[in-house]
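S.K.: Sequence below, structure please.
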Amino acid sequence: MTKEEAASSAPVSLKRTVLKTVATVGVTVVLIALLRQFLAALLWFDKVAGWHVGGVILQTLAADGIAKQQQMIAAGLMVLCFLIAVVLVRVGERLLSRH
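M.R.: Model (predicted):
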């Protein structure tokens, strides 16, 4: 690869990396917001369906009020949302590169 080819591909690569980073962060934020809405709807769903699964899930996530465990659960859910976002961005990138 010549110096000219390397110089011309560097800005494209940088732009692509920045775009993928912004997309990943954006998708992560959307997934976290959706997760929050889903968790908020669990009690309503239990009431409508007559189940207690949502309450059990929320009770488990509450970790019996132990702040350290609650923080670890929240961090784990955020990491999970981030990993899902990475996969979604990669799949989107592959779909866009086909066209």
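S.K.: tell me the SS of the most centrally placed residue in the chain?
M.R.: Central residue of the chain (C-alpha atoms, centre = their mean): residue 81, 2.6 Å from the mean position. In the three-state summary, residue 81 is assigned as helix, counting by DSSP: H, G, I helix; E, B strand; the rest coil.
S.K.: mind listing what it touches?
M.R.: Contacts of residue 81 were listed using C-beta atoms under 8 Å, 6 or more residues apart in numbering, and they are 28, 31-32, 35. For the C-beta atoms, the positions are set from N, CA and C on the backbone; glycine is no exception.
S.K.: go again using 6 Å as the cut-off
M.R.: Remark: with contacts taken as C-beta atoms under 6 Å, 6 or more residues apart in numbering, residue 81 is in contact with 28, 31-32.
S.K.: Please work out how many residues are found near the residue lying closest to it once chain neighbours are set aside.
M.R.: On the basis of C-beta to C-beta, 6 or more residues apart in numbering, the spatially nearest residue to residue 81 that is not a chain neighbour turns out to be residue 31, at 4.0 Å. Using other C-beta atoms under 10 Å, residue 31 is surrounded by 19 other residues.
S.K.: Repeat that for the one 3 residues further on.
M.R.: Applying the criterion other C-beta under 10 Å, we find 11 residues in the vicinity of residue 34.
S.K.: same thing with residue 65?
M.R.: Burial of residue 65, expressed as a neighbour count using other C-beta under 10 Å, amounts to 7.
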